[in-house]
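Novice: I would like the atomic coordinates for the input below:
(2 chains)
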Amino acid sequence: MSRLTSWLHERVPVDPEELRKPLKEPLPIHLKQWVFCLGGTPAMLFAILACTGILLTFYYVPYPAQAFASVTNITYKVRMGWFIRGIHKGASQLMIITVLLHMIRVFFTRAYRKPREFNWFFGVGLFMLTLTFAFTGYSLVYDQLSYWATTIGTNMIADFPVLGKPMLYALRGGATVNPNTLTRFYDFHIGVLPMAMSLLIGVHILMVRLHGVAKLEDDPRTETYPFFPDHMLKEVIIGLLLLIGLVNYVVFFPPGIGALATPGATPGHIRPEWYFFPTYRWLKMTSIGIGMAGTLCYVTGLFFWPFVDDVLEKIAPKRNLWLFVGTACYMVTIVFLLWEAIVG
Amino acid sequence: MTINAQKYLVGIMGLILLGSVIAAGYLDEQRRKTENPPAVVVVATAPPISADLQPGLKLYEQLSCVACHGAAGKGGVHNINSQTGQEVPSLIHVADSYTKADLIAKIRLGVPVSLKLNPDGPVPPLHMPAFKDLLSDADMDSLVKYLYSLKPQGDNPGF
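Specialist: The predicted structure is shown next:
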């Protein structure tokens, strides 16, 4: 041991070998396929969002009279402001996509089954947090579309049974969308949600470590390979590929800004961002009561899916009911998304 | 793909990423070549005003006029490449420039497109929305009264 390492070890009494152990963790051989390397991507994107988000807070002013002007300033005046905002916006969209892809992979490989039910809960929680992040962030721009999306989005909360109205009032800081709403959304976006997200990501990774990676059903192979560098390299390659795509997308399509939010002047065509299209389409097709009840059932079903799977297995063993029900739900979601995107 | 091939791939991709970020930095210079140095837009707090002007001030803030025209209509919010000095115009002299009817018409119709200073430059991002029939006649009177009051003190407010 060199003098420097022994000096350091005396002050930080941690065995470096112990630290290296998690890196050497053996992984099942099926993880060599690229489709199994999507889990780390949202965490990388979260780190990018945190860095770009901090830079944006240097110039953003969370008050209606200045919010729009400050976003315009970031987009058109601040050095590399358009780039940072573009990366932040693009990374948030990519994060939703990659979380979804990861969830779909976990779903179709049934990696959520006993004893990993809790980690599925944390995963769904992370997905919900990602959507809440996107919604609160979109509202901060304070242009017409973001203002009215906030108004409509928060209006829907009022239709929750019993607690709807108090929740709406607490979230908006008043009966209508007002200056308090913007500061509350800002607090959530830069304070509460990042803390909750960091905590859940930590617990999610810890649970994977505690249980080990789920083995594929009906896969007889028992070989393993090390996490580092083999698996890590694949994760890095996917991350770099996304970053290159994102940076070039922002260079060719820099972010813009719509017209200033005007309370009272409802635009002709309001739509939420694409990730809320399925819910929006569903709400447009039904009454608000049925729409909200349906959405709540869907989210509850998604959350408790490991138990739903068990029940389906008991009803019809070996009939793969889980696959039919799950595929049907995914297909309906995709059809609603495309329907809203194309027809509007 | 072998581990060595993956390592090379990471190196190449890292270089592509670096090149892309440098290209973005170069474009940033291009984008800002015709503009002033970066500045944070700060809208100052409006000074206290008399009770009869309060309804107009409330509308001025509620309708977000303040976001572009600034506190007390002093302007100063940057509007890249617009003919009005690359800024949203100040409102402190509307009492001199507009009759009441003209001002009401302007508020109701808005300014759909801000004219470009440099025809080859970008479209100015800010334009005035048309408020159409959103304001009742009484509200419009309050708002116009407030806007007329923005004229520097010592002058006759107009009506």
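
Novice: next SSE after the helix or strand where A:Tyr186 lies?
Specialist: Under the assignment given by DSSP states H and E, the secondary-structure element containing A:Tyr186 is helix A:179-187. Elements were assigned by DSSP H and E; along the chain past helix A:179-187, the next helix or strand is helix A:193-211.

Novice: Helix A:193-211 and the helix holding A:Tyr186, what's the angle between them?
Specialist: Computed with axes from the mean of the first three to the mean of the last three CA atoms, to 10 degrees, the direction of helix A:179-187 lies at 30 degrees from that of helix A:193-211.

Novice: How about residues contacting the helix or strand of chain B with the lowest mean pLDDT?
Specialist: Using mean pLDDT, DSSP states H and E, the weakest-scoring helix or strand in chain B turns out to be helix B:65-69, at a mean of 78. The contact list for helix B:65-69, computed with CB atoms under 8 Å, 6 or more residues apart in numbering or on different chains, reads A:64-69, A:142, A:260-261, B:43, B:46, B:59-60, B:75, B:77, B:79, B:88-91, B:126, B:128. For glycine as for every other residue, the C-beta is placed from the backbone atoms N, C-alpha and C.

Novice: PyMOL command for the buried members of these?
Specialist: The command below creates a PyMOL selection of those among these that count as buried (16 or more other CB atoms under 10 Å in any protein chain shown):
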select buried, (chain A and resi 64+65+66+67+68+69+142+260+261) or (chain B and resi 43+46+59+60+75+77+79+88+89+90+91+126+128)
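
Novice: Run through the residues that contact B:Met140.
Specialist: For B:Met140, the residues meeting the contact criterion (CB under 8 Å, 6+ apart) are B:104, B:107.

Novice: could you say which helix or strand contains it?
Specialist: Secondary-structure assignment from DSSP H and E places B:Met140 in helix B:137-149.

Novice: Now that helix: buried residues?
Specialist: By neighbour count, and taking 16+ other CB under 10 Å as the criterion, the buried residues in helix B:137-149 are B:139-149.

Novice: what's the answer for stretch A:174-194, then?
Specialist: Of the residues in stretch A:174-194, those buried (16+ other CB under 10 Å) are A:177, A:181-182, A:184-186, A:188-190, A:193-194.

Novice: same deal with stretch A:68-84?
Specialist: For stretch A:68-84, a neighbour-count test (16+ other CB under 10 Å) marks A:68-78, A:80-84 as buried.

Novice: Any figure for the gap between A:Asp187 and B:Met13?
Specialist: Here the criterion is CB to CB, to the nearest Å. By it, A:Asp187 lies 37 Å from B:Met13.

Novice: likewise A:Trp305?
Specialist: Taking CB to CB as the measure, A:Trp305 falls 36 Å from B:Met13.

Novice: next one: A:Phe127
Specialist: Going from A:Phe127 to B:Met13 by CB to CB gives 28 Å.

Novice: more crowded one of these two?
Specialist: Set A:Phe127 next to B:Met13 and count neighbours by other CB atoms under 10 Å in any protein chain shown: A:Phe127 wins out with 20 against 17.

Novice: wait, that one sits on A:Met103?
Specialist: Yes: proximity of A:Phe127 to A:Met103 meets the contact threshold set by CB atoms under 8 Å, at 6.2 Å.

Novice: near chain B, which residues of the stretch 51-200 of chain A?
Specialist: For the stretch 51-200 of chain A, the residues in contact with chain B under the definition CB under 8 Å from any CB of the partner chain are A:59, A:64-70, A:72-73, A:75-83, A:142, A:144.

Novice: Perfect, I'm done here.
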